[in-house]
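A.B. asks: Show me the folded form of this:
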Amino acid sequence: ATGISASFFGIEGAAKHSLALYTRRDAIILRDHILAGLERMSIHPAGDDVVITIVGGGATGVEVAGTLAELRNALAASYPEIDPKRVKIRLVEMGPALLPPFTTSLREYARRQLESRGVEVLLNTAIREVTADSVTVSDGQTLRSDLTVWAAGVAASPDVAHWGLPQGRHGLIVVRPDLRVKGENRIFAIGDIGYVEDDPLPQLSPAAMQAGRHAAAQIARL
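C.D. replies: Sure thing, here's the model as predicted:
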């Protein structure tokens with residue numbers, strides 16, 4: 001149950017200039033950056049707007065965009081001097097829809113809900129480069145981005161390759177439906193590191209917790 005980390009797919013500047021959100025440490029760093037930006041806006045209300053770009057329209061990216069939109073709408077309580085419209089949120093997805101593993105109706109629902117909350121959703125748009133204050137997208141446009149959050153993909157730690165276990169997509173460990181590693185009888189892989197080839201589980205905490213309970217029950221039976 002080692003979890004996974006962000007995969008930047010070799011995109012120039014992505015690893016250096018964007019923040020991931022796959023560990024508690026990542027979450028704390030992201031929170032501090034956001035709060036620091038709001039503090040600057042409250043001290044200098046006539047300054048520039050804050051633009052936040054989330055890269056990746058999967059479950060993590062959609063959840064981050066929705067949470068930031070709710071935070072923006074609640075600014076009046078803590079930062080009454082900041083106009084919420086000055087905090088701009090952009091979600092960029094290279095595919096034709098958000099939440100690829102879900103049904104079409106849920107994908108469209110998610111998009112409509114985000115847009116109704118003021119999130120700019122860019123579909124069929126890939127990121128070509130990330131800098132400290134911008135992102136360059138597939139059509140050549142360079143868009144301002146004061147904070148770029150990377151939720152576009154994940155991969156197993158390079159250490160996993162040395163364990164002698166079967167690896168699948170993004171280096172994840174291939175498991176059978178009972179969560180035992182393929183070809184092994186006494187090794188389980190649970191959470192994001194485990195990959196069921198025929199029916200991949202969503203890489204979300206509820207699924208990981210259910211997998212933990214399921215593996216525990218299987219171990220007790222064995």
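
A.B. asks: Now do the helices in this structure.
C.D. replies: Along the chain, counting by DSSP state H, helices occupy 14-17, 24-43, 59-73, 75-78, 104-116, 205-221.

A.B. asks: least reliable of the ones you listed going by mean pLDDT?
C.D. replies: The minimum mean pLDDT among the helices of the chain belongs to helix 75-78 (a mean of 86).

A.B. asks: Tell me which of the helices of the chain lies nearest to I89.
C.D. replies: helix 59-73 (5.2 Å; C-beta to C-beta). For every residue, glycine as well, the C-beta is placed using N, CA and C.

A.B. asks: So which residue is dead centre in this protein?
C.D. replies: Against the mean C-alpha coordinate of the chain, by C-alpha atoms, centre = their mean, the closest residue is A151 at 2.9 Å.

A.B. asks: Model confidence for it, exactly?
C.D. replies: Predicted confidence (pLDDT) for A151: 93.

A.B. asks: Ok, L201 next?
C.D. replies: For L201, pLDDT reads 84.

A.B. asks: got the contact list for it?
C.D. replies: Contact analysis of L201 by C-beta atoms under 8 Å, 6 or more residues apart in numbering lists 194, 207, 211.

A.B. asks: how does it look with 6 Å?
C.D. replies: L201 makes contact with A207, according to C-beta atoms under 6 Å, 6 or more residues apart in numbering.

A.B. asks: circling back: isn't the residue nearest to the centre of the chain up against A59?
C.D. replies: No. A151 is beyond contact range of A59, at 8.6 Å (criterion: C-beta atoms under 6 Å).

A.B. asks: Pull up the overlap in contacts between these two.
C.D. replies: In contact with both A151 and A59: no residue, using C-beta under 6 Å, 6+ apart.
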